[in-house]
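> Here you go, sequence then predicted model.
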Amino acid sequence: MADLRVEPIDERLTFGARVHGLTRAMLGDPAVRDRADGLLSEHGFVLFPGLEDDIDTHIALSAVFGPLKTHVLPTVINDGLRPELMEIDYVPGVGGTVDLDGRARGSYLPWHFADAYY
């Protein structure tokens, strides 16, 4: 199995981990998938810094944590080519921001998944 380095997001927190070394190619390895899923269960929140930042990787990583679901309303699907994704935007000035390693990031996004009992 691939070597993943796991560290706390912040020593002051009781949850969360940064998982270094994960690549999209590694997501095809069942042992890596099991480890990533286990890290989410163990830490409650995981970040994967350095992981490729593209749609295919996003879908592959999401599938590690369970079956993907398509939303029943076609108006919320991004381009119609990947129904597993919903388009969610952050508009500067709407909602809040948080400081993450000295960089301002959007925080609250007013959305929900109302199809949970489908």
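On my side now, so go ahead. Residues are numbered from 1 along each chain as shown.
> Going by C-alpha atoms from here, please, whenever you check contacts or count neighbours.
Will do.
> helix or strand right after the lengthiest helix in the chain?
Assignment by DSSP state H gives helix 30-43 as the longest helix of the chain. Downstream of helix 30-43, the first helix or strand assigned by DSSP states H and E is strand 46-47.
> how much space is there between E84 and G50?
23 Å (C-alpha to C-alpha, to the nearest Å).
> Next, give phi and psi for the most centrally placed residue in the chain.
The centroid of the chain falls nearest to S62 when counting by C-alpha atoms, centre = their mean (6.5 Å). The phi and psi values for S62, taken as degrees, to the nearest 10, are phi -60, psi -40.
> Okay, now the unreliable bits of this protein?
Low-confidence segments of the chain (pLDDT under 70): 1-2, 71-80, 87-90, 95, 108-118.
> Could you pull out the helices in it for me?
Along the chain, counting by DSSP H, helices occupy 30-43, 55-64.
> could you say what helices and strands the first one packs with?
The reference is to helix 30-43. For helix 30-43, the elements it packs on are helix 55-64, judged by 3 or more C-alpha pairs under 8 Å, 6 or more residues apart in numbering; DSSP states H and E.
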